[in-house]
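1. Give the three-dimensional model of this entry:
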Amino acid sequence: MFVEKGDKVSREYNEIPCCEEKNINDEVVEYVRADMPGIEKLYDLAELYKVFGDCTRIRILYALFESEMCVCDIAELLNMTTSAISHQLRTLNRARLVKYRREGKSVFYSLADDHVRTIIYQGMEHIEE
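-> Just a heads-up that it's a prediction; the model follows:
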């Protein structure tokens with residue numbers, strides 16, 4: 001929220017409620033620690049979600065929900081260059097979200113598996129709540 005003060009505009013921050021005294025529940029901490037994935041897995045998960053942080057990549061994934069498509073078709077659908085689409089497909093492929101197959105001189109892309117669709121649908125459900 002912005003609050004005007006004279007000629008200045010400053011940002012007013014709402015504080016997050018915190019405990020007034022330090023009181024650690026060792027049983028809860030150890031219980032959660034036992035089930036916490038390793039830092040490398042959490043890093044990989046964060047990297048995966050970064051891939052979903054680009055609107056063009058989300059649009060490509062939505063297109064591939066409907067049909068396997070070649071780069072030219074995706075570029076036409078999204079009104080973008082084939083170079084721009086290829087760049088985004090490379091990122092999606094490295095993240096194992098899409099796969100491709102060659103047919104003659106054409107390369108067709110599709111979703112790597114149904115997990116991709118589930119991730120997107122659950123994200124949509126979350127933002128629509």
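2. Point out where this protein drops to low pLDDT.
-> Along the chain, the model assigns pLDDT under 70 to residues 1-14.
3. what's the spacing between the most centrally placed residue in the chain and Ala46?
-> In the chain, the residue lying closest to the centroid (Cα atoms, centre = their mean) is Phe52, at 2.2 Å. Remark: distance between Phe52 and Ala46 (Cβ to Cβ, to the nearest Å) = 11 Å. The C-beta positions use only the backbone N, C-alpha and C, and glycine is treated the same way.
4. and what of Ile127?
-> To Ala46, Ile127 is 19 Å away according to Cβ to Cβ.
5. Then Glu76?
-> From Glu76 to Ala46 the distance is 33 Å (Cβ to Cβ).
6. go on, Glu20?
-> Separation of Glu20 from Ala46 (Cβ to Cβ) stands at 32 Å.
7. got it, and Cys19?
-> Relative to Ala46, and taking Cβ to Cβ, Cys19 is found at 27 Å.
8. repeat for Val71
-> Where Ala46 is concerned, Val71 sits at a distance of 28 Å (Cβ to Cβ).
9. Compare these two (neighbour count), which wins?
-> Shown here are Val71 and Ala46; by other Cβ atoms under 10 Å, Val71 has more neighbours (21 against 9).
10. quick one: contacts for the more buried one?
-> Val71 makes contact with Thr82, Ile85, Ser86, Leu89, Val107, Tyr109 under the criterion Cβ atoms under 8 Å, 6 or more residues apart in numbering.
11. the longest helix in this protein is where?
-> helix 114-128 (DSSP state H).
12. and that one, what other elements does it pack with?
-> Applying 3 or more Cβ pairs under 8 Å, 6 or more residues apart in numbering; DSSP states H and E, one finds that helix 114-128 contacts helix 55-66.
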